[in-house]
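K.L.:
sequence-free structure coming up:
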Ligand code: DGL
């Protein structure tokens, strides 16, 4: 079997890279839904429908386990799919099937506490303010505020929606234009907090592609919680605890896109270190 990785577009490549580094012998199939990106301004039902169809496509490609390398899909669609869709998928396939998100590992990294941990071990240096940059849909869901308040009510979470940023990155926008947008959002968040956050999260996987612009705009030394490595650790732990999922052994990589024409993206190519390696897939419909 292979591990599926799903995102609305190129953002999930930042997660894929960390997964591959952590599990080099595993087989991976990546699906980017460029035909419908960005997801962050869509309504909830559309995000659920597109995420479900993307996962169905990856199951059909031979994946039993899928990582949603997309905060928006994880925030809006994951619980719905786990509760009302995956049980039927398992029955129909007669095989294990699961979908994992990236918000749980991020919150575990931010709070120093495992998701189901009822204990009171305190992380070495807990932030008192945590800044989150994310899409409009993720911020509107308040998932980071709600879940962190359950675990670490002493951490004040401030979220900043960056509505146009994923679209610009997906379109391969000019770095100067991107830097101006990033700075505007960083300044807005810092003004709202009344100072720099102790730590920040790039809570949209597209933003990792321009992480250096966030580092440049944030006050020097502001640490970022690194979603890709948090997700890779969580996946390795999940596989160790669930031997029914076979991650494969030949280290194969496939990359599918719903819109091959969208892939002339110098920004993503610079991040990736060469031409994007996608082959066409069917178009998803919400
Ligand atoms: N990369 C995605 C995320 O992490 C989605 C961005 C979008 O399509 O708006 O939220």
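P.N.:
Thanks, I have it. This is a predicted model, so every value here is computed, not measured. Numbering: from 1, shown residues only.
K.L.:
can we go C-alpha only for contacts and neighbour counts from here?
P.N.:
Will do.
K.L.:
ok, now which ones touch the closest residue to the ligand within the stretch 151-286 of the chain?
P.N.:
Closest to the ligand within the stretch 151-286 of the chain is residue 204: 3.2 Å, counting by CA to the nearest ligand atom. By CA atoms under 8 Å, 6 or more residues apart in numbering, residue 204 lies in contact with 11, 70-72, 133-135, 166.
K.L.:
among these, which are in strands?
P.N.:
Using DSSP state E, 133-134 are the members of the contacts of residue 204 that sit in strands.
K.L.:
who wins for neighbours among the contacts of residue 204?
P.N.:
The residue in the contacts of residue 204 with the most neighbours, by other CA atoms under 10 Å, is residue 72 (34 neighbours).
K.L.:
pLDDT score assigned to it?
P.N.:
As predicted, residue 72 sits at a pLDDT of 98.
K.L.:
give the contact list for it.
P.N.:
Contacts for residue 72 (CA under 8 Å, 6+ apart) come out as 39-40, 47, 135, 137-138, 204.
K.L.:
Now stretch 22-42: average pLDDT?
P.N.:
pLDDT averaged over stretch 22-42 gives 97.
K.L.:
Regarding that stretch, how distant is the last residue from the first?
P.N.:
32 Å (CA to CA, to the nearest Å).
K.L.:
start at 456 instead
P.N.:
Yep, numbering from 456; the last one is stretch 477-497 now.
K.L.:
Is that stretch in proximity to the ligand?
P.N.:
Yes - against the ligand, stretch 477-497 shows contacts by CA under 6 Å from any ligand atom at 492-495.
K.L.:
Sort out which residues of that stretch are buried, please.
P.N.:
Neighbour counts over stretch 477-497 (16 or more other CA atoms under 10 Å) mark 477-478, 481-496 as buried.
K.L.:
now stretch 516-530
P.N.:
Per 16+ other CA under 10 Å, stretch 516-530 contains these buried residues: 518-530.
K.L.:
and the longest helix for the protein?
P.N.:
Criterion DSSP state H: the longest helix present in the chain is helix 630-648.
K.L.:
So which elements touch that one?
P.N.:
strand 611-616, helix 620-625, helix 666-672 (3 or more CA pairs under 8 Å, 6 or more residues apart in numbering; DSSP states H and E).
K.L.:
Show the average pLDDT along it.
P.N.:
The model assigns helix 630-648 a mean pLDDT of 98.
K.L.:
Distance from the helix or strand just after it to the middle of the chain?
P.N.:
Under the assignment DSSP states H and E, the closest C-terminal helix or strand after helix 630-648 is strand 654-657. Remark: strand 654-657 is offset 13 Å from the chain centroid, using CA atoms, centre = their mean, to the nearest Å.
K.L.:
What values do phi and psi take at residue 553?
P.N.:
Dihedral angles of residue 553 (phi, psi; degrees, to the nearest 10) stand at phi -150, psi 160.
K.L.:
Please name the nearest non-neighbouring residue to it.
P.N.:
The shortest distance from residue 553 to any non-neighbouring residue, by CA to CA, 6 or more residues apart in numbering, is to residue 520 (5.0 Å).
K.L.:
and that neighbour, helix, strand or coil?
P.N.:
What DSSP: H, G, I helix; E, B strand; the rest coil gives for residue 520 is strand.
K.L.:
Which pLDDT value goes with it?
P.N.:
98.
K.L.:
That one against residue 554, yeah?
P.N.:
Yes - look at residue 520 against residue 554 with CA atoms under 8 Å: they come within range, at 5.9 Å.
K.L.:
Point out the other helices and strands that the least confident helix or strand in the chain by mean pLDDT packs with.
P.N.:
None of the helices or strands of the chain scores lower by mean pLDDT, DSSP states H and E than strand 734-735, at a mean of 86. If you count contacts as 3+ CA pairs under 8 Å, 6+ apart, strand 734-735 packs onto strand 708-712.
K.L.:
The strand it packs on: partners in the sheet, and parallel or antiparallel?
P.N.:
strand 483-487 (parallel), strand 734-735 (parallel) (DSSP bridges).
K.L.:
okay, those in TSV with distance to residue 676 next?
P.N.:
As requested, the strands paired with strand 708-712 are arranged in TSV below (distance: least, CA to CA, whole Å):
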stretch	distance to residue 676
strand 483-487	33
strand 734-735	40
